[in-house]
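Undergrad: structural data only, the sequence is not supplied:
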């Protein structure tokens, strides 16, 4: 049952479950790094493994999970499988979150978490209802 609060209807249970699943996949720093890298441009698994510093089989498994969730897709380019982000809105969310935490870690944020290590910023986010 959707309730309107502040002019917004609550999302359906199905939408909330889908969002939770997407955030759950992005809760892995390795998968988040892969999505971040793919947000900068498409790549094959070898290039991604080199960029994110992961073993080829592990990166391949992460890509499979992200692909099954519809967050990335692939296309064949000769003998290579090239990966790209399938949902531009996911790129926006990832860039926003990583950008905000980077700004805080660099001390350029004015929200009261400047200079805190990323762990402190995450604790603050959790305390804020995240």
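TA: Noted; the coordinates are in hand. Small disclaimer: the values here were computed from a predicted structure and weren't measured.

Undergrad: quick check: phi and psi on the nearest residue to residue 85 once chain neighbours are set aside?
TA: Using C-beta to C-beta, 6 or more residues apart in numbering and skipping the chain neighbours, the partner closest in space to residue 85 is residue 38 (4.8 Å). C-betas here are computed from N, CA, C, even on glycine. Main-chain dihedrals, residue 38, degrees, to the nearest 10: phi -70, psi -20.

Undergrad: give me the neighbour count for residue 38.
TA: Residue 38 is flanked by 24 other residues according to other C-beta atoms under 10 Å.

Undergrad: please apply the same query to residue 55.
TA: Residue 55, neighbours per other C-beta under 10 Å, totals 9.

Undergrad: wait, it touches residue 49, no?
TA: Yes - proximity of residue 55 to residue 49 meets the contact threshold set by C-beta atoms under 8 Å, at 6.7 Å.

Undergrad: residues contacting residue 69?
TA: 21-22, 25 (C-beta atoms under 8 Å, 6 or more residues apart in numbering).

Undergrad: can I get those residues in TSV with distance to residue 107, neighbour count and pLDDT?
TA: Converted to TSV, the contacts of residue 69 look like this (distance: C-beta to C-beta, whole Å; neighbours: other C-beta atoms under 10 Å; pLDDT from 0 to 100):
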residue	distance to residue 107	neighbour count	pLDDT
21	34	12	87
22	30	18	85
25	30	18	86
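
Undergrad: okay, those residues in a markdown table with distance to residue 72 next?
TA: A markdown table is the format used below for these (distance: C-beta to C-beta, whole Å):
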| residue | distance to residue 72 |
| --- | --- |
| 21 | 15 |
| 22 | 12 |
| 25 | 10 |
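
Undergrad: which one of the residues you listed is nearest residue 91?
TA: Residue 91 lies nearest to residue 22 out of the contacts of residue 69, by C-beta to C-beta, at 12.5 Å.

Undergrad: which residues does the helix or strand harbouring that closest one contact?
TA: Using DSSP states H and E, residue 22 sits in helix 13-26. The contact list for helix 13-26, computed with C-beta under 8 Å, 6+ apart, reads 11, 31-32, 35, 65-66, 69, 71, 90, 94.
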